[in-house]
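>>> Provide a 3D model corresponding to the input given below.
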Amino acid sequence: MHSPLDATDISILQLLQHDARITTKEIADKLGKSVTPVYERIKKLEETGFIQRYVALLNKDLIGKNLIAFTTVQLKEHSQAALRGFEKEGIKFHEVMECYHLTGQFDFLLKIAIRDMNEYNTFLMNKLATLPNIGAVQTYFVLSEGKQETAYSLNPPSPPAGPRKKTPPARRSDR
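Numbering: from 1, shown residues only. Here you go, the predicted structure:
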């Protein structure tokens, strides 16, 4: 189990989520702390897995990935080997940006980034449909994005639970 995050850890994570290029000195200045303890906290957050990696978010339109598709996949067989096998092979495709194992009618949800409908058709016919055990595939194409967020909302730590103060009953005025 991970050690709980304190308010400083949460502040550091929030700053890094919004700008991974922010320097340790800038973080320390914003938090009113010195550089060395902030540096050590960031290293600890990396070592304990709270920070997995640093990335640059690209504009999908400028790099030619103008079409986003969400594809649900239902498998014919649901053995552990079949589920793991699909996931292992499905995540190898460079078009697949995200892959989730689901509950409900469909087994997997894939987020696919492609240039256009022709590229999606090629992906479907020459890659996805070649995987064994595919039962049904249903695809939804994104028309517009209402929100795309990469930063998680982090709550400040809860204050320690201690004895509750008793409040005296309110006095009633008879005047």
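>>> skipping adjacent residues, who's closest to the most centrally placed residue in the chain in space?
Geometric centre of the chain, nearest residue: residue 150, 6.2 Å, by Cα atoms, centre = their mean. What sits nearest to residue 150 in space, not counting adjacent residues and going by Cβ to Cβ, 6 or more residues apart in numbering, is residue 57, at 6.4 Å. All C-beta atoms are positioned from the backbone trio N, CA, C, and that covers glycine.
>>> neighbours of the one you found, just the number please.
Residue 57: 8 surrounding residues under other Cβ atoms under 10 Å.
>>> hang on, the earlier thing: so the residue nearest to the centre of the chain, which of the three states?
Under DSSP: H, G, I helix; E, B strand; the rest coil, residue 150 falls in the coil class.
>>> and it, what pLDDT?
Per-residue confidence (pLDDT) for residue 150: 90.
>>> quick check, it in contact with residue 54.
No - with contacts counted by Cβ atoms under 8 Å, residue 150 stays clear of residue 54, the gap being 11.8 Å.
>>> mind listing the strands for the chain?
Here the chain has its strands, by DSSP state E, at 67-75, 96-101, 108-114, 134-141.
>>> those strands: which one's closest to residue 157?
Residue 157 lies closest to strand 96-101 among these, at 29.1 Å (Cβ to Cβ).
>>> which strands border the closest one, and is each parallel or antiparallel?
strand 108-114 (antiparallel) (DSSP bridges).
>>> tell me the domain ranges of the chain?
If you go by automatic domain parsing, the domain ranges for the chain are 7-47, 67-141.
>>> so which of the ones you listed is nearest residue 156?
With distances scored as Cβ to Cβ, the stretch of the domains of the chain nearest to residue 156 is domain 7-47 (5.6 Å).
>>> now the end-to-end length of that closest one.
The straight-line separation of the ends of domain 7-47 (Cα to Cα, to the nearest Å) is 19 Å.
>>> try stretch 89-100
Taking Cα to Cα, stretch 89-100 runs 13 Å from one end to the other.
>>> for that stretch, give the mean pLDDT please.
97.
>>> and for stretch 28-35?
Stretch 28-35 carries an average pLDDT of 97.
>>> can you pull the buried residues of it?
Neighbour-count burial for stretch 28-35 flags 28, 31 (criterion: 16 or more other Cβ atoms under 10 Å).
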